[in-house]
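1. Okay, here's the prediction I keep looking at, along with the sequence it came from:
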Amino acid sequence: MYKADSNRWFIAIMGTLLQIVLGTVYAWRFFQKPIIDAYGWTNVQTMWIFSLSILFLGIAAAVGGMILPKYGPRKLSSIGALLYGTGYLISAYAMYINSLPLFYLGFGAVGGIGLGLGYVTPVATVSKWFPDKKGFITGMVVMGFGLGALVMSKLIAPIFLKIADGNIVQVFLYISIVLIIIGVSAGLCMKNPPKDFVPKDYIPPKKSARHQESEDSLTLKQSLFSKKFVGMWLVFFLNISAGIMFIGLQSPMIQDLLSLKDATMSTGSLAMAGATLIAISSLFNGLGRFIWGGLSDKIGRIQVFRLILGSQILVFILMMLTSSPWLFGALVCYVLLCYGGGFGAMPSYVLDVFHAKLMPVVYGVILTAWAIGGIVGPQIGAFIRDLYAESPEMIGPKTYMTGAILLSFGFIITLMLTNKSITDVKE
């Protein structure tokens, strides 16, 4: 039965807006240095605030996928946005009383749980409205998360820093209010389509009675313990680990390359160049989710992952060889394009393989790869920095080599995966 489907685009836009709100977490590097300067905490101590938020994001996303059918998308996404904004509020108080543990609890645990509940909900919900454009629409929605850092670092945070005259406590307080108002409003717009909803001009694929029976009998345990799920999880984890390990290195690396080209550049000019690269690469992070997600509709999900991982191996090797700041900047943008691309293509891949019934739960669990990658990647990067502290010129090449190795393992795994649903192939 066909029904009017114009409101599905409104829901998709609101889902994208909610993801922009949640994606502001990626602007953490904007706040890290001012917080360190103000409170004297170390880089490692301060980075753990962000790492914990990503850890709790993955855990909460897995739980959120399980409870989504019970509580519904409107309630879960609104609670997620509320918790994330509350995380900033608790963090403001933590800085006011100079308490790092409370910061961990606020931004890391409370905010991270909000991120996970809020992230999984619009992706799972909007995909139900667009069975005809699964890769395109999930890519569009998660694109918002990639753009969140750009919105925060270039718009929201600078405005409030000016209003608060650099008072970071007040900045976090103002940010919490804005995120709660916008995020909760967007979350309240989330709803599932009617059971008999079919988009105009869309012809659902025909399934045999045997195939339908196989889908209906598929259990969550069978899905999560299948070889296909394990392979998809590993591919996602390795792409995330390589990308997130590299993200924090882009600014100092391009500053080093610029210094070699022009030793007269001031510290301020170098810092501005690094900040500009971060902003541009954040844009590519967002666009990658949209572009690769849409491309997966045309050439296949696993084919996209093979391109994402395989091409990055060459890019990381090229980074080891280049001394050009401009080429390095272009390669950085491509890495972020592929990093975001994994998030854009994975939801529709999960939907194809495990079907709509199990999609929210399976997708939530697969996001634990993000949680663990968010710890493993930065920790590998930190270990390399410490190991080669006396030979800083080796930090970049060793990091790129490690990234290429991680991606190579992932690429090999993609060669063992297919686009077939779990009910079409024996595991």
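-> Now that the structure is in, tell me what you want to look at. Numbering: from 1, shown residues only.

2. which intervals of this protein have sub-threshold pLDDT?
-> The chain contains residues with pLDDT under 70 at 1-6, 201, 203-217, 248-249, 251-252, 260, 268, 271, 356, 424-427.

3. so what are the domain limits for it?
-> When the chain is parsed with automatic domain parsing, its domains come out as 1-199, 220-427.

4. Reformat the ones you listed as CSV; add mean neighbour count.
-> For the C-beta atoms, the positions are set from N, CA and C on the backbone; glycine is no exception. Formatted as CSV, those follow (neighbours: other C-beta atoms under 10 Å):
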stretch, mean neighbour count
domain 1-199, 21
domain 220-427, 20
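
5. distance of T264 from L258?
-> Distance from T264 to L258, counting by C-beta to C-beta, to the nearest Å: 11 Å.

6. ditto for Y400
-> 18 Å.

7. distance between the lengthiest helix in the chain and the chain's centre?
-> Criterion DSSP state H: the longest helix present in the chain is helix 325-366. Mean-position distance between helix 325-366 and its chain equals 8 Å (C-alpha atoms, centre = their mean, to the nearest Å).

8. and after that helix, which helix or strand comes next?
-> Remark: after helix 325-366, the chain's next helix or strand is helix 368-387, criterion DSSP states H and E.

9. what comes into contact with that next one?
-> 44, 47, 51, 54-59, 61-62, 233-234, 236-238, 240-246, 248-249, 395, 398-399, 402 (C-beta atoms under 8 Å, 6 or more residues apart in numbering).

10. send the alpha carbons of that helix over as CSV?
-> Only the C-alpha atoms of helix 368-387 are listed here, as CSV (Å, rounded to 0.1, in the frame of the first residue of the first chain):
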residue,chain,number,x,y,z
THR,A,368,31.3,-1.5,19.7
ALA,A,369,34.1,-1.6,17.0
TRP,A,370,34.0,2.2,17.2
ALA,A,371,34.3,2.1,21.0
ILE,A,372,37.3,-0.2,21.0
GLY,A,373,38.9,1.4,18.0
GLY,A,374,38.5,4.8,19.8
ILE,A,375,40.7,3.4,22.5
VAL,A,376,43.2,1.2,20.5
GLY,A,377,43.9,3.7,17.7
PRO,A,378,44.8,6.7,19.9
GLN,A,379,46.8,4.5,22.3
ILE,A,380,48.9,3.1,19.5
GLY,A,381,49.5,6.6,18.3
ALA,A,382,50.5,7.7,21.8
PHE,A,383,52.8,4.7,22.2
ILE,A,384,54.6,5.5,18.9
ARG,A,385,55.0,9.2,20.1
ASP,A,386,56.5,8.0,23.4
LEU,A,387,58.7,5.4,21.8
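
11. Now do the same contact list for M14.
-> M14 makes contact with P122, A186, C189, M190, according to C-beta under 8 Å, 6+ apart.

12. If you could redo that for Q303, that was the one I meant.
-> Taking C-beta under 8 Å, 6+ apart as the criterion, Q303 is in contact with S296, N419.

13. Distance check, it against W233.
-> Taking C-beta to C-beta as the measure, Q303 falls 19 Å from W233.

14. And L161, by the same measure?
-> Between L161 and W233 the distance is 39 Å, computed by C-beta to C-beta.
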